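*Asks:* take a look and give me a structure for this.
(2 chains)
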Amino acid sequence: MTIFLASVGFGLVTASVLAIAAVGFTLQFGVTDVLNLAYGAVMIAGAYLAYLLNSHGVNIWIAMIVAVVVCSAGSVLLNAGVYSPFQRRGTAPITMVIVSLGMTLIIEFGVQAAAGGTSVSYTMSQGPSVRADGFTLTAVQFAVIGLSLVVMAGTHVLLRYTRLGKAMRATAANRNLARNCGIRTGRVITATWAITGALCGLAGVVFAMDAGSFGATSTDLFLVLILAATFLGGPGQAYGAMLGAVIIGLATEVSAAYITPDYKYVIAFVALLVMLGVRPTGLLGKAVG
Amino acid sequence: MNSYYLINLLIYAAVDAMACLGLSQQFGVAGVTNFGFIIFQAAGGYTAAILALPSDSANGGFQSYIGGWDLPFPIPWIGAAVVGGLIALPFTFLVGRRLRGDFAAVGLLVTAVLLNLLVTNYRPVLNGDAGLSLIPQPLLREGSRQSAGYEWLFTVGALVVCAAVYLFVRRITESPYGRSLRAMRDNDIVADSLGKNLLSLRTAMLVTGGAIAGLSGGILVSYITTWSPAAWGYAETVVLFAAVIIGGAGNHRGAILGAILVPVGFEEITRYIPTSNNLPPNLIPSLQWVAIGLLIVVFLWFRPQGVLPERKRVIRASLLGPPASLAPAAPGGTDPASPAAAGTAVAGAAPLAPVPAASAVPRPAAPRPAETAPRGGEVVLQAADVVREFGGLRAVAGVSLSVRRGTLTGLIGPNGAGKSTLLAMLAGTLPVSSGRISYQGQDVTSLPAYRRARLGLIRTFQLASEFKKLTVMENLLSSVPGNRGDSLRGAAAGPRYWRGDENAAIVGATALLERFGLEAHANSYAGDLSGGQRRMVEIMRALMAKPRVLLLDEPMAGVHPSLARKIGGELVALAAGGLTVLMVEHELAIMDEFCDPVVAMAEGAVLAQGTMAELRRRSDVVEAYLVG
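*Replies:* Numbers count the residues shown, from 1 in each chain, chains lettered A, B, ... in the order given. Purely as a prediction, here's the structure:
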């Protein structure tokens, strides 16, 4: 029971990090139609920037805000400089994925070259911890969960109650129709890159805070979790991604407690393959055929 | 030059070239984007290792692995190829028609990442992170490499295997089967509708490419005598993709060039960068990866076709002799009674006058029954209460329809009436939500599109659907059924096995091109033609598929009116020969002139059926369509 509760605690933290990342990823894909595999690389760039600032004496929360802003701007530039020109040329989706893999290498190993190639450790005061029958969470972990809840609530408000959110949903559903209805889809897409880029940067920083140490390629595996959460919920579905993040986060950590931590990603992997093979529209999506 | 260095270079070049050839076959020719390609090379490497290694206790016991069979050469290499091909089978569920290509690619990428993690962490089977070492080299008992002669022999062996792989993939690619693969790459849904079994084609490509990758892994392992997870990270696949893209996807020589430029070249260049103590240790390898990423993006932008682009397959029909003399030798030679064969006969007889066609047709077409019966022969295609829903929208809401043999049935209705959706369901491109479809007395409701196409139920598409990177001639040839070279086995048997079928098909295609006045464009890429010409290519391609029932979705859209009339005339002639046509068309003059009966649809349901003149008298039809 103790182990179970402890693993649920870890699971909630993982789910929180994952939810921020997966909501950003799924919105990015849904609205912009780019399956951006460089998402994990941008996360790491944000994490590394926050680490760099923090190690030079900048308060971690301020460093986090800087990282979020930089990743947001960086994502807008990534789209304007790379993805959007390719899309305008009518590049096939699969080629876009190859381009995004190329960008992954450029960003990840660019960070590695800048960082000197060693994995950096994020040692920070974890603050007082709360214990209850094995359920142990540090203050930082609580902060991560809290941040995630705020982000989810913010996403909900954005999508339901703002003009931009409605325009994003309309663009995701049918870009041409949205444009013909007078929605400036170009602006909506740029705004989406800014918002999802910010989420990506935030996810990167909390990922690093949670992980303790990270290297340039640390998010390669985390991207598997993001994809699993995204496809569980149905690609493009923000609420689905939240649900998927909770399921995947809890499932990986609870299984890690009972099997071995080395294989905790396997559950996410199996979930992803099953979803791809059986129901690519996700648990909340519509069945095909 | 140091001979050890040269040997090293040549063997790496051979191994990388083989891997790139396998990837080029999958990605460049067949359009199967296998981001997990490195798994197959890894599997081959491990297989060769555990087949060649002595049992783990005999090997000092410092590493643990299964197998350890101590088998002699060439069993490890053969095993590597076989296992590389076999482990492709579990992945086939990802590459069927239902899953978007980019999603399938992501599934394969994730698999590569995860398998690497699993092998790294699980020691008993393949010695985990540390990997396997002291793998015996072929034909050498002791692990020591002494003689330069042996090393040269190994090099020659690797190069010979690489050359054999090149000849093999070229033979496959340049066959009718290779043409089917390229058709699938250009437009898989259209290829499906022309009788290509996408799952089988993609499975064959995964297995062939996997076997080639496995073989390359086996050869590499028996040269470097060690294999560990670090050698096959997912990013290695990206390097191979970079090589194929830079060399030229779809061109096998390009794949070899890419292998020499990227994986081999990069290793060599970094040797010559002066090492300085001031540089951080990982800087050069990191920048190497950055450079590979940059190469991919820059090439895809500035030269997506690569250094050596896929070459155009020019087919000179004139080399086969004058088509007129050969025309009666029914194309394909399998079904002389088929309408396409009839078509060639028409070409020989009187291209412009449809009337004599009936007499020129060998088909024992039943004379039309008594005047009281509905126009045409027996019912060949029937929809019973067919429904299709998209989300909450009922695009087709319970349509029942019978199409009789030898008729040109028209289908009209306003935009959004559900005409194209109905056509797609009849052809099997879309599954029905409910209802039944029968064809030639057989229930085909659950039959996939390619199976219906093979029964002679062929459709065209409303949107442009030519295979862009195939020439017009190749587009026509791609749909001819029954070519002996249109299977992996037939393609492997070589041109002599299928040349006869191919020549007959070329003769048929040439005759058809001449009839529609497109012979001058036979060797142009279909993607470079005008909209109207592309429409014609699609119709001709459908005719080459030897249809019994032809479903045409706005065949005259964008076609010059005089050409449209010519197409109509041809269709009437073919219908007289037994072909059945169901045609969606907005041009009512066409309907007036050629189609009887005409079915009018609106809002997902059949409104009325009759001759065009009858429909014009119906106020509901006029209201729904003719006026609105």
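
*Asks:* with just CA atoms, put stretch A:102-111 into PDB.
*Replies:* As requested, the backbone C-alpha atoms of stretch A:102-111 are provided in PDB (Å, rounded to 0.1, in the frame of the first residue of the first chain):
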ATOM      1  CA  GLY A 102      16.100  17.300 -39.000                       C
ATOM      2  CA  MET A 103      15.200  20.200 -36.700                       C
ATOM      3  CA  THR A 104      15.400  17.900 -33.800                       C
ATOM      4  CA  LEU A 105      19.000  17.100 -34.500                       C
ATOM      5  CA  ILE A 106      19.900  20.700 -35.100                       C
ATOM      6  CA  ILE A 107      18.300  21.900 -31.800                       C
ATOM      7  CA  GLU A 108      19.200  19.000 -29.600                       C
ATOM      8  CA  PHE A 109      22.800  18.800 -30.600                       C
ATOM      9  CA  GLY A 110      23.100  22.500 -30.900                       C
ATOM     10  CA  VAL A 111      22.200  22.600 -27.200                       C
END
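
*Asks:* what residues of that stretch count as buried?
*Replies:* Of the residues in stretch A:102-111, those buried under the neighbour-count criterion (16 or more other CB atoms under 10 Å in any protein chain shown) are A:102-111. C-beta coordinates here come from the backbone N, C-alpha and C atoms, glycine included.

*Asks:* before we move on, what about stretch B:429-444?
*Replies:* B:429-430, B:432-433, B:435, B:437-440, B:444.

*Asks:* with stretch A:185-194 instead?
*Replies:* Counting neighbours by 16+ other CB under 10 Å, stretch A:185-194 gives A:185, A:188-194 as buried.

*Asks:* who touches it?
*Replies:* A:27-28, A:31-32, A:72-73, A:75-76, A:78-80, A:84, A:164, A:167-168, A:171, A:175, A:178-179 (CB atoms under 8 Å, 6 or more residues apart in numbering or on different chains).

*Asks:* coming back round to it: let's see which of the buried residues of stretch A:185-194 end up in helices.
*Replies:* Secondary structure of the buried residues of stretch A:185-194 is defined by DSSP state H; positions in helices are A:185, A:188-194.

*Asks:* specify which member of those residues is nearest to residue B:554.
*Replies:* Each of those was scored against residue B:554 by CB to CB, and residue A:185 proved nearest at 28.3 Å.

*Asks:* how close does the closest one sit to chain B?
*Replies:* For residue A:185, the distance to chain B (CB to the nearest CB, to the nearest Å) stands at 21 Å.

*Asks:* how far away from the center of its chain is stretch A:241-253?
*Replies:* When C-alpha coordinates are averaged (CA atoms, centre = their mean, to the nearest Å), stretch A:241-253 and its chain have centres 13 Å apart.

*Asks:* still on that earlier bit, quick check, nearest of the ones in helices among the buried residues of stretch A:185-194 to residue A:254?
*Replies:* Nearest member of these to residue A:254, counting by CB to CB, is residue A:192, at 33.5 Å.

*Asks:* against chain B, how distant is the nearest residue to the closest one once chain neighbours are set aside?
*Replies:* Take residue A:192 and drop its neighbours on the chain: the residue closest to it by CB to CB, 6 or more residues apart in numbering or on different chains is residue A:31, 4.3 Å away. Applying CB to the nearest CB, one obtains 16 Å for the distance of residue A:31 from chain B.

*Asks:* try residue A:241
*Replies:* Distance, residue A:241 to chain B, using CB to the nearest CB: 15 Å.

*Asks:* spell out which parts of the stretch 1-150 of chain A neighbour chain B.
*Replies:* Listed as neighbours of chain B in the stretch 1-150 of chain A under the rule CB under 8 Å from any CB of the partner chain: A:35, A:37, A:82, A:85-86, A:91, A:93-99, A:101-106, A:108-110, A:112-113, A:116-118.

*Asks:* switch to 10 Å and redo it
*Replies:* Counting by CB under 10 Å from any CB of the partner chain, the residues of the stretch 1-150 of chain A lying close to chain B are A:35, A:37-38, A:41, A:82, A:85-86, A:89, A:91-118.

*Asks:* make sure residue B:505 is indeed in a helix.
*Replies:* Yes: going by DSSP: H, G, I helix; E, B strand; the rest coil, the assignment for residue B:505 places it inside a helix.

*Asks:* what's near enough to touch whichever residue of the stretch 101-250 of chain B sits closest to chain A?
*Replies:* Taking CB to the nearest CB as the measure, the point where the stretch 101-250 of chain B comes nearest chain A is residue B:121, at 3.9 Å. Contacts were defined as CB atoms under 10 Å, 6 or more residues apart in numbering or on different chains; by that measure residue B:121 touches A:260-263, A:265-266, B:128-129, B:229.
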